[in-house]
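Engineer: Mind folding the following:
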Amino acid sequence: MTDRLAGKRIVVTGAAQGIGLAIAETFLAQGASLFLIDRDGHLLGAEADRLRAAGGRLAHAAADISDAAAIEQAIAVATREIGQPNALVNNAGVNVFFEPLKLSDADWERCFDVNLKGAWNCSRAVLPGMIADGGGVILNIASTHAFTIIPHTFPYPVTKHALLGMTKALGIEYAGQGVRVNALAPGYVRTQKAVEYWESFPDPVAAEAETMKLHPGGRIATPEEIARAAVFMISDECPFMNATCLTVDGGMSVLHHP
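Structural biologist: Residues are numbered from 1 along each chain as shown. The predicted structure is shown next:
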């Protein structure tokens with residue numbers, strides 16, 4: 001354990017698996033106190049118990065980030081359990097991929113309710129306390145979809161473009177109160193969602209190989225690699241980084257694909 005995040009009281013959403021869980025594990029190893037949120041209460045409870053047994057200082061609550069009242073209540077619990085949050089990682093999100101004209105209103109609303117409104121609900125809940133305490137950090141987990149487009153993934157990239165806009169707007173709005181708001185944009189990451197995507201093809205091995213070909217290094221990120229970048233973004237090591245986005249995709253979004 002090191003102390004890069006010592007003194008940080010951090011709320012992490014979507015913390016029961018994937019990138020969110022890797023962030024939680026890595027943050028704890030860097031000395032942070034955590035409050036974990038996920039809508040899957042059973043899985044979250046099991047992972048929280050495991051992390052706590054390993055010596056981590058954390059508390060947790062099952063909540064749907066699209067429910068503003070539930071998030072307000074969760075942040076109140078966080079304040080009681082670990083102290084006023086001075087950092088937030090908006091990691092929770094949902095993949096909604098369609099050809100635009102085949103998208104239903106319900107799927108449009110679900111995508112925006114989680115990926116954009118959910119991040120706003122959490123930000124709105126912690127911002128007053130951060131401002132009162134003289135500062136804090138919000139990190140939005142965006143995606144390379146925030147500045148590139150893959151056909152048939154609508155409206156997911158629309159929400160991620162909007163999340164990047166919200167990052168910039170909030171970062172500018174509250175910079176004078178000591179609050180930094182940034183985004184981190186992963187590309188492909190080896191999570192269960194990625195595995196399930198490959199398994200949706202007749203030949204999962206070939207589908208995975210095609211994904212690897214998109215990357216100059218011939219591989220995709222691990223969740224832990226994204227978590228290490230998040231440590232830097234949340235820490236006091238980048239105090240003048242605000243209203244911007246750090247891309248962690250191995251160069252995929254730079255490489256021209258003929």
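
Engineer: ok, longest helix in the chain?
Structural biologist: If you go by DSSP state H, the chain has its longest helix at helix 156-173.

Engineer: any idea where the strands of the stretch 51-200 of the chain begin and end?
Structural biologist: 58-62, 87-90, 97-98, 136-141, 154-155, 179-186 (DSSP state E, counting those that start in this stretch).

Engineer: Could you list the paired strands of the last one along with their orientation?
Structural biologist: When you say that, I think you mean strand 179-186. Partners of strand 179-186 in the sheet, by DSSP bridges, are strand 136-141 (parallel), strand 245-248 (parallel).

Engineer: Show residues contacting it.
Structural biologist: Contacts with strand 179-186, where a contact means Cβ atoms under 8 Å, 6 or more residues apart in numbering, come from 19, 123, 127, 130-131, 135-144, 146-147, 163-164, 167-168, 170-171, 174, 221, 226, 229-230, 233, 239, 241-249. To be clear about C-beta, it is placed using only N, CA and C from the backbone, and glycine gets the same treatment.

Engineer: got a pLDDT number for residue 258?
Structural biologist: At residue 258, the model reports a pLDDT of 66.

Engineer: swap in residue 193?
Structural biologist: Note on residue 193: pLDDT of 87.

Engineer: The most centrally placed residue in the chain and residue 168: what is the separation?
Structural biologist: The centroid of the chain falls nearest to residue 91 when counting by Cα atoms, centre = their mean (1.9 Å). Applying Cβ to Cβ, to the nearest Å, the value for residue 91 to residue 168 is 19 Å.

Engineer: Residue 64 now?
Structural biologist: 26 Å.

Engineer: And for residue 20?
Structural biologist: Relative to residue 168, residue 20 is positioned 23 Å away (Cβ to Cβ).
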